[in-house]
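In: Below are the sequence and a predicted model for it; my questions follow.
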Amino acid sequence: MSISKTKRGFVYLLTAAGLHAQSLPTHVKSANPKVVGAPAADVLSPGLFETVVATGSMPLENPTGIFKFYGYNDNGSFTPTKAGSKAEANKTEPDKNTYLILTGQKGADATYNYGTHFLFQGHETGVSGYITRINLDADGPHRVTLMATTDVNGAAIQVIDGSTWYPFSQRLLFTVENGSNGGAYQATLDVPSKVDDLSGVFGRGGYEGIQSDGQGRLIICEDVGGSAGTVNTLAKRPNSFIYRFVPYDTTDLLKGGKLQVLQVHSRAHAGAISYNFYPDADSAILSQDVVDLHTYNQPFSTQWVTIHDTRLDGTAPFNANAAAKAADGTPFKRPENGQFRPGTNFTEFIFDETGDTNNNTQAGTTYGGFGSIYRLIMGAGDAGTLFLVYRGDAVHAGFDNVAFWDMDHVVFVEDAGDTLHTQRNALDSAWMFDLRADYSSASAQPVRILAQGRDSAATLDATLGTVTGFTDNFPNEGDNEITGWHLSDGDPTAAGLLGAKVPTPFQNGWRLFYTQQHGDNNTWEILSK
């Protein structure tokens, strides 16, 4: 049993470990401004600090080919070295972090003790994808292990966005945000890891967030940008879906199951909020359905609709996005990530929309142009109810990665992008939301707990990416992004699934990590003073 109560600025958590007080982070007054050519330091809530656990230039203990460093391909210098050129190595951008406490893990050095605390990542960009493990107990030469660059058939791994641990089959799961060519992988803990392509089971889609409930059912968030309007040229139509995969056998996902899409019933007309209901992008972008979805205190009935059944439809890879549209699934504006709310027995799933990441979007706040946060309450069977938790604006926009702080507080981080950073003169932030608050009231505001800075390499990249007249195409992104925001106690059993326990940050083994993507590609652990 878990009970949370608020009193005098503290959250009191009653857990199996007993009653204790945990102070919540306080507000960081402002985001870091985006100043041309000027790096900026990260600013955390008072009482928090961060330490690097791996950096992009760190060599892998078992390099191969172009895969020699944690956050860079070995295909050029880390910064341009020739006058008139902006050529540099591809930055691989370690993405979603997954923390596990494991025994008996091996690496490239058969004589070395790698410890018991590990952080796993896939890499989002670069020449191709790969999987790494940060050995948190290890010394420098053994700090980062390369786990895989190819699948079991020898095909290069695609660049990876999301990850999670699936205790039922003892596999890491990774997702690929690559539209109709995307999908998912499962990977063993071996070094080298055995990696299976799950596209014949999950289908192909722009998959990013992936989380399991206590029964082994997986919810997958898709991030596929829609087409811009003819009139609303700076806004995109909703084009991404929330999926649920119900496996036949949780111990072996390759045996297949049913892929379902979330269908939300319209309040404005009969039937579902569907991509097919609108004839063009402009009508979809500024529809009454989109207004309703971004209006506070309006419940929507939902259901899961099966779009692929392995036993009936086979194991050939299929286009999940197209199947979702054909089944009148409900499209959202890039719902990148979500997590189950602790203390709800996996009946509440909180997820985000990233939105248009453009301050001039014609969708504005009313039509979800700056993103949003939703609560999906799942009832018996396939039915459920959807509520808006928070409607984004120019200050709070581009929500991406997420982790619960406790039962009632959840942190969403921004991936606003270089364009919106420039437009609002503000870099990304991590925001804490109280799920008990009514954000329709102007007095209710989220708390900024991290103002992301910009390291020197990202500052240079932001400049090079805008320079014309140089001799080389530029392969890398600019401003740093907050990604891989992950709070876990590392429990590798089903009891350790995210959402199974109420987190107690910095206590009882709970640890908080994130990656400052782009630039130096530092992965940090946040600690409490």
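Out: Received it, and whenever you're ready, just let me know what you need.
In: Would you list the phi and psi of the residue nearest the centre of the chain?
Out: Closest to where the C-alpha atoms of the chain average out (Cα atoms, centre = their mean) is residue 401, at 3.7 Å. When read as degrees, to the nearest 10, the backbone of residue 401 gives phi -70, psi 160.
In: Give me the spatial nearest neighbour of it, chain neighbours excluded.
Out: residue 485 (4.2 Å; Cβ to Cβ, 6 or more residues apart in numbering). Backbone N, C-alpha and C define where each C-beta goes, glycine included.
In: so which strand or helix has that neighbour?
Out: strand 481-488 (DSSP states H and E).
In: thinking again about what came up before, spit out the contact partners of the residue nearest to the centre of the chain.
Out: Contact analysis of residue 401 by Cβ atoms under 8 Å, 6 or more residues apart in numbering lists 96, 336, 337, 412, 413, 415, 482, 483, 484, 485, 486, 514.
In: 10 Å instead, please
Out: Counting by Cβ atoms under 10 Å, 6 or more residues apart in numbering, residue 401 makes contact with 95-97, 162, 208-209, 336-337, 339, 352, 411-415, 430, 481-486, 514-515.
In: do the same with residue 325
Out: 239, 241, 261, 274, 275, 276, 307, 319, 331.
In: how much space between it and residue 238?
Out: 11 Å (Cβ to Cβ, to the nearest Å).
In: residues shared between the contacts of those two?
Out: Common neighbours of residue 325 and residue 238 (Cβ under 10 Å, 6+ apart) are 275, 331.
In: So for residue 83, what's the pLDDT?
Out: Model confidence at residue 83, expressed as pLDDT, equals 81.
In: residues near it, how many?
Out: 7 (other Cβ atoms under 10 Å).
In: Contact partners for it?
Out: Going by Cβ under 10 Å, 6+ apart, the list of residues near residue 83 reads 470, 471.
In: what about it, distance to residue 349?
Out: 53 Å.
In: ok, now residue 513?
Out: Taken as Cβ to Cβ, the span from residue 513 to residue 349 is 22 Å.
In: got it, and residue 217?
Out: Taking Cβ to Cβ, one finds residue 217 at 11 Å from residue 349.
In: Overlap in contacts, those two.
Out: If you check residue 217 and residue 349 against Cβ under 10 Å, 6+ apart, the residues they both contact are 211, 244, 378.
In: Which member of these is positioned nearest residue 295?
Out: Nearest to residue 295, judged by Cβ to Cβ, of those is residue 378 at 21.7 Å.
In: The closest one touches residue 350, doesn't it?
Out: No: checked against Cβ atoms under 10 Å, the pair residue 378 and residue 350 is beyond contact range at 11.9 Å.
In: Residues that sit against both of those two, list them.
Out: Common neighbours of residue 378 and residue 350 (Cβ under 10 Å, 6+ apart) are 340, 344.
In: farthest pair in the contacts of residue 325?
Out: So, the contacts of residue 325 by Cβ to Cβ: farthest apart are 274 and 319, at 17.0 Å.
In: With neighbour numbers in mind, choose between those two.
Out: Under the neighbour definition other Cβ under 10 Å, residue 274 and residue 319 were set side by side, and residue 274 has more, 20 against 16.
In: For residue 467, report the pLDDT, please.
Out: pLDDT, residue 467: 86.
In: do the same with residue 292
Out: Residue 292 is given a pLDDT of 98.
In: Repeat that for residue 379.
Out: 88.
In: Is it in contact with residue 348, as I believe?
Out: No: using Cβ under 10 Å, residue 379 is not in contact with residue 348; the gap is 11.0 Å.
In: between the two, who's got more neighbours?
Out: Higher neighbour count among residue 379 and residue 348: residue 348, with 19 against 12, using other Cβ under 10 Å.
In: ok, now which ones touch the closest residue to the more buried one other than its chain neighbours?
Out: Leaving aside its sequence neighbours, residue 348 sits nearest to residue 341 (Cβ to Cβ, 6+ apart; 3.9 Å). Shown in contact with residue 341 (Cβ under 10 Å, 6+ apart): 347-350, 375-377, 404, 407-408, 410, 435, 499, 502.
In: Is it possible to get JSON lines of those residues that adds distance to residue 78?
Out: Shown next, in JSON lines, are these (distance: Cβ to Cβ, whole Å):
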{"residue": "347", "distance to residue 78": "47"}
{"residue": "348", "distance to residue 78": "44"}
{"residue": "349", "distance to residue 78": "40"}
{"residue": "350", "distance to residue 78": "38"}
{"residue": "375", "distance to residue 78": "43"}
{"residue": "376", "distance to residue 78": "42"}
{"residue": "377", "distance to residue 78": "47"}
{"residue": "404", "distance to residue 78": "36"}
{"residue": "407", "distance to residue 78": "43"}
{"residue": "408", "distance to residue 78": "43"}
{"residue": "410", "distance to residue 78": "36"}
{"residue": "435", "distance to residue 78": "42"}
{"residue": "499", "distance to residue 78": "39"}
{"residue": "502", "distance to residue 78": "42"}
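In: In strands, which of the residues you listed appear?
Out: Judged by DSSP state E, strands contain the following of the contacts of residue 341: 348, 349, 350, 375, 376, 377, 404, 410.
In: Enumerate the beta-bridge partners assigned to the fourth one.
Out: Yep, that's residue 375 we're talking about. Judged by DSSP bridges, the bridge partners of residue 375 are residue 350, residue 387.
In: That one reaches residue 436, doesn't it?
Out: No: contact between residue 375 and residue 436 fails when scored by Cβ under 10 Å: they sit 11.4 Å apart.
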